[in-house]
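Novice: what follows is a predicted structure for the sequence shown.
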Amino acid sequence: MSFLLTTLIPLLGLVLTVALLSYAFYARYIDVPNKPRLDRRVLVALCAVAVVCDAWLGLRLYLSGRAQQTRQDSAVHRTHRERFVLPHDVQYGELVIPAGSLINRLDPFDNGAPVQPVSLRGLEAVRFPQPVLVAGVWAQAMQVLPMRVELAQDQRIGPLYRYNTDTKEWELNKVVPALLCRQGQIALFQVPHIPYDVQAEVGKPAPDGPQARFLPSQWQFRNCENGPAIDVQPAHPASATALAPAPELLPPPPPAEPASDPSEPASGAASAPASAPGA
């Protein structure tokens, strides 16, 4: 059926159209004795079939062009959301990424809608507007794969882990407990695997927001190096128009302070009478 709709009918329409045009030229301009002609009813039937087939071909070309334009528009919208400035704080796993952070991400599940809520799914790299504490170190930028953290200041980082070739595991370095690293250096971490149900998530987007599998408290510090700064591409000029707020990704509000007992005077009020005699 697919071959009939996609190939046979359009091809039949083209063949009939060429044949009918050739016959029209023959009937109008070729003058020969006893010139054979098609029966009028046959000619009308062939013209009707050609019109239907050509109309179907035109519809397919139109739908194909429209689908191609939709794919191009979707690709543009996805590109807008691959590089953007975070409009509000976002809870990503254990880490609160502050507003103003420059985000680079690649989400294969982005359907290319003109506007979508802010998402950090597929996070690749981020540059913070101010130093952020990540895995116990003050960072100014972070790359996810491989895990690299650009240090925002000089700091002593520990505990230090080393790879044991005998046990094939990372273990604490008992000889060198910590390293003194400089601002601008890159801290390298080993990220332990977080088990999850792979079969249940086949074909589904990974969890985002507070449920994201992003747990810096489990990272194991390996080393500091003088590698190049983390490459975070600038935001796309039209990224702001392609994003909508995502309240479900906002970090939880801080706990409210306990209300003071109205029967007890406030500390400021209690000190005021003491200073009155000296006034």
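Specialist: Noted; the coordinates are in hand.
Novice: can you pull out the helices in the protein?
Specialist: With DSSP state H, the ranges of helices along the chain come out as 2-3, 9-29, 40-80, 267-275.
Novice: burial measure for residue 150, as a count.
Specialist: For residue 150, the count of nearby residues is 24 (other Cβ atoms under 10 Å). All C-beta atoms are positioned from the backbone trio N, CA, C, and that covers glycine.
Novice: dump the residue contacts of it.
Specialist: Counting by Cβ atoms under 8 Å, 6 or more residues apart in numbering, residue 150 touches 139, 140, 141, 142, 184, 185, 186, 187, 229, 230.
Novice: let's have the helices of the chain in JSON lines, adding mean neighbour count.
Specialist: Converted to JSON lines, the helices of the chain look like this (neighbours: other Cβ atoms under 10 Å):
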{"stretch": "helix 2-3", "mean neighbour count": "7"}
{"stretch": "helix 9-29", "mean neighbour count": "14"}
{"stretch": "helix 40-80", "mean neighbour count": "13"}
{"stretch": "helix 267-275", "mean neighbour count": "9"}
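Novice: least reliable of these by average pLDDT, please.
Specialist: Looking over the helices of the chain, mean pLDDT reaches its minimum on helix 267-275, with a mean of 39.
Novice: give the buried residues for the longest strand belonging to the chain.
Specialist: Ordering each strand of the chain by length in residues (DSSP state E) puts strand 123-134 first. Within strand 123-134, the residues that count as buried by 16 or more other Cβ atoms under 10 Å are 123, 124, 125, 126, 127, 128, 132, 134.
Novice: try stretch 97-108
Specialist: By neighbour count on 16+ other Cβ under 10 Å, the buried set for stretch 97-108 is 97, 98, 101, 102, 103, 104, 105, 107.
Novice: just the closest of these to residue 114, please.
Specialist: Within the set of the buried residues of stretch 97-108, residue 107 lies nearest residue 114; the separation is 15.5 Å, counting by Cβ to Cβ.
Novice: not counting sequence-adjacent ones, nearest residue to the closest one?
Specialist: Computed as Cβ to Cβ, 6 or more residues apart in numbering, the closest residue to residue 107 that is not its neighbour in sequence is residue 122, at 3.9 Å.
Novice: residue 81 versus the one you found, what's the distance?
Specialist: For residue 122, the distance to residue 81 (Cβ to Cβ, to the nearest Å) stands at 10 Å.
Novice: tell me, what's touching these two both at once?
Specialist: When contacts are counted by Cβ under 8 Å, 6+ apart, the set common to residue 122 and residue 81 consists of 105, 107.
Novice: what mean pLDDT does stretch 206-213 get?
Specialist: Averaging pLDDT along stretch 206-213 yields 91.
Novice: appreciated, that's everything.
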